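Peer 1: Turn this into a model:
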Amino acid sequence: MNPRHFLWLLAPAAVLPATGQIRVETKFTTPSAIPDRGQVADVRVLGDLGLSSISGVAVDLALSGAPAMRLGDLYGTLTYGTASENERVSVLLNRPGVSNSNPWGSSLGSASITLDDTLGTASVFGISAGSGIYQADGRLSVNPLAAPVVYNPADATTGLAALNGGILASNTWVLMLADTRQGAAAQLSGWTLRVTGMPAAGGSINPGLGGGISDTPGATDTDVKATLVTTGTGTGGVTASVTDQMTLSGGLSGNGELTKTGGGNLVIGGTSAGFGGHLQVDAGRVSLASGATLGSGSGSMEIAPGATLGGLGGINVSTEIHGVHAPGNSPGLQTFAAGLTYGGDAVLEWEIVGNTLGLRGTDYDAVDLTGGDLGINPLATLAILASGTDYSQAAWAAPRSFAVIDVSGGGSVSGSFTLDVSGAGSFGTYGSWSTTVSGGDVMAVWTPIPESGTFLLGGLGILLMFRRNRSSSSWATP
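Peer 2: Model prediction:
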């Protein structure tokens, strides 16, 4: 077996800058036997990575004995493209540990490792434990079937960077694993491919069951124009991990589950009417851009404790909030059309800006519920945020009622909020805040304290009336 029969050398392409890039992770869990003195090739055609170029590749490998694997027997490559496209090849494993002084190499009978040339500090050739992050072997020039040679880092010329470059038409990825010696067999239990690159100008991203998408270190505002497709649920769902901010301007589709992780902001832009699955926000923030929509009547969304829902747009999936609801973008209007529920740990942040107070959704936040029911746990909090407000202005001299949540779809309304005015500014000498449910709407009510002059005039009027009445009575006495 000549390794060049399944390898093709291509010089590494230049690495692109990190700003604006995304990482797409795809998992493959179907076990494949690696025959003794044989090989297995797992071929995957991935036409929905949503990338226009590749700047980095990483691989997870899960290998086990079937029944008695010896890692030092294994040779592995990852190939992108086909021969007619000048396929790109990376050498992942080249008989780890094998040298002229140790012809058998590593005796590990199983391994669950990550091969990542940017994170690994040492080559997988020197592996001593069955887990960890390593650099790919990269030694194309060392024939795994020839006599063992001393390891030389200068031979590692075809690492994972050899896969970088433009997107190829075939979209074909091939993981090949070969057993080079007689006497043991192994199994590929599963593997994961993580590809980093610049987002494409359109199309779709389908990470598949258990896959995911993330922004990259150094990316400050990543725009993803391809539509993110969700398929599976539970462990088979898709994960979006955001560190800074990622905008899905191509929207969402599919009936699977999307779990948002990471402390950053995932912005849903465009139209996501094709999404009928479940959006689980476990950390950070999810926002809707102006004019964006999510769902078309089916599907659901849950905001976990510690997570935040913000932004504008229209949410057409049933929504349950246990974290923070911060509608608007200082401030704004957000619309719900399929029901809205606030759990006991939920906080609705209602923001007022300035002292004009004329326009709902412009001068202060607003929520419209145009369909479904509104449920409020009595332990849920309505937090008034008006720290910059000047209550001495004339606008605050009269009583005011603000429709925080306007219910217009005919659904039922149950429960009420506990009020939190700790962020409402210095209002104590001018009036008080309260909240009520009136006509099915949730209202924030401002009640001013009458000016001292009003009290004085009122008191004098009462005194004069009292004295007049007394005088009248004494005149009528015989």
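Peer 1: my guess is V286 is in a strand, correct?
Peer 2: Yes: assigned with DSSP: H, G, I helix; E, B strand; the rest coil, V286 falls within a strand.
Peer 1: What's opposite it in the beta bridge?
Peer 2: Beta-bridge partners for V286, by DSSP bridges, are L266, L309.
Peer 1: right, and it touches L266 too?
Peer 2: Yes: if you go by CB atoms under 8 Å, V286 and L266 touch, sitting 5.0 Å apart. Bear in mind the C-beta positions are built from the backbone N, C-alpha and C, glycine included.
Peer 1: Give the intersection of the neighbour lists for the two.
Peer 2: K260 (CB atoms under 8 Å, 6 or more residues apart in numbering).
Peer 1: Give me the domain ranges for the protein.
Peer 2: 3-193, 205-452 (automatic domain parsing).
Peer 1: and the last one, average pLDDT?
Peer 2: Mean per-residue pLDDT for domain 205-452: 96.
Peer 1: Contacts only, for P96.
Peer 2: Per CB under 8 Å, 6+ apart, neighbours of P96: L71, G72, L74, G105, S106, L108, V124, F125, G126, I127, D137.
Peer 1: What of G237?
Peer 2: G210, T230, G256, E257, L258, T259.
Peer 1: Nearest to A398 among these?
Peer 2: A398 lies nearest to L258 out of those, by CB to CB, at 46.4 Å.
Peer 1: so the closest one touches V281, yeah?
Peer 2: No: using CB under 8 Å, L258 makes no contact with V281, being 9.2 Å away.
Peer 1: What about the contacts of P96, which are in strands?
Peer 2: Among the contacts of P96, the members found in strands (DSSP state E) are L74.
Peer 1: Quick check: PyMOL command selecting the buried ones in the contacts of P96.
Peer 2: Per 16 or more other CB atoms under 10 Å, the buried members of those correspond to this PyMOL selection:
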select buried, resi 71+72+74+105+106+108+124+125+127+137
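Peer 1: can the contacts of P96 go into a markdown table with extra columns for pLDDT and distance to L46?
Peer 2: Formatted as a markdown table, those follow (pLDDT from 0 to 100; distance: CB to CB, whole Å):
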| residue | pLDDT | distance to L46 |
| --- | --- | --- |
| L71 | 97 | 27 |
| G72 | 96 | 31 |
| L74 | 97 | 24 |
| G105 | 95 | 32 |
| S106 | 96 | 30 |
| L108 | 96 | 29 |
| V124 | 98 | 24 |
| F125 | 98 | 28 |
| G126 | 97 | 31 |
| I127 | 97 | 28 |
| D137 | 98 | 24 |
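Peer 1: between the contacts of P96, which is nearest A383?
Peer 2: Of the contacts of P96, the one sitting nearest to A383 (CB to CB) turns out to be V124, at 52.1 Å.
Peer 1: Show me what the longest strand belonging to the chain packs onto, helices and strands only.
Peer 2: Among the segments of the chain that qualify as a strand by DSSP E, the longest is strand 186-197. In terms of contacts (3 or more CB pairs under 8 Å, 6 or more residues apart in numbering; DSSP states H and E), strand 186-197 is packed against strand 22-28, strand 32-34, strand 39-45, strand 53-54, strand 56-65, strand 172-179.
Peer 1: Can you add distance to K225, mean pLDDT and mean neighbour count and give those back as JSON lines?
Peer 2: Below are those laid out as JSON lines (distance: least, CB to CB, whole Å; pLDDT from 0 to 100; neighbours: other CB atoms under 10 Å):
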{"stretch": "strand 22-28", "distance to K225": "11", "mean pLDDT": "98", "mean neighbour count": "22"}
{"stretch": "strand 32-34", "distance to K225": "35", "mean pLDDT": "95", "mean neighbour count": "17"}
{"stretch": "strand 39-45", "distance to K225": "22", "mean pLDDT": "98", "mean neighbour count": "14"}
{"stretch": "strand 53-54", "distance to K225": "14", "mean pLDDT": "98", "mean neighbour count": "20"}
{"stretch": "strand 56-65", "distance to K225": "20", "mean pLDDT": "97", "mean neighbour count": "20"}
{"stretch": "strand 172-179", "distance to K225": "23", "mean pLDDT": "98", "mean neighbour count": "21"}
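Peer 1: Mind checking those for the one nearest to G328?
Peer 2: From the helices and strands packed on strand 186-197, taking CB to CB, the stretch that ends up closest is strand 22-28, at 27.3 Å.
Peer 1: What angle do strand 186-197 and the closest one make with each other?
Peer 2: Calculated by axes from the mean of the first three to the mean of the last three CA atoms, to 10 degrees, strand 22-28 forms an angle of 160 degrees with strand 186-197.
Peer 1: Just the residues contacting strand 22-28, thanks.
Peer 2: So strand 22-28 is contacted by 42, 44, 46, 49-51, 56, 190-197, 199, 205, 207-216, 219, 222, 224, 239, 246 (CB under 8 Å, 6+ apart).
Peer 1: List buried members of the residues you listed by neighbour count.
Peer 2: Buried among the contacts of strand 22-28 by 16+ other CB under 10 Å: 42, 46, 49-51, 56, 190-197, 199, 205, 207-216, 219, 222, 224, 239, 246.
Peer 1: about what we covered before: give me the distance from the longest strand of the chain to the chain's centre.
Peer 2: 22 Å (CA atoms, centre = their mean, to the nearest Å).
Peer 1: before we move on, what about stretch 269-285?
Peer 2: 9 Å.
Peer 1: try stretch 149-167
Peer 2: 33 Å.
Peer 1: Now do the strands in the stretch 351-478 of the chain.
Peer 2: 366-369, 374-376, 381-385, 400-407, 413-414, 418-420, 431-438, 441-448 (DSSP state E, counting those that start in this stretch).
Peer 1: Provide the strand pairings for the first one, with the direction of each partner.
Peer 2: In the sheet containing strand 366-369, its partner strands are strand 333-336 (parallel), strand 400-407 (parallel), by DSSP bridges.
Peer 1: would you list the helices and strands packed on strand 186-197 in JSON lines and tack on distance to N329?
Peer 2: Formatted as JSON lines, the helices and strands packed on strand 186-197 follow (distance: least, CB to CB, whole Å):
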{"stretch": "strand 22-28", "distance to N329": "24"}
{"stretch": "strand 32-34", "distance to N329": "49"}
{"stretch": "strand 39-45", "distance to N329": "41"}
{"stretch": "strand 53-54", "distance to N329": "32"}
{"stretch": "strand 56-65", "distance to N329": "33"}
{"stretch": "strand 172-179", "distance to N329": "40"}
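Peer 1: Understood, closing this out.
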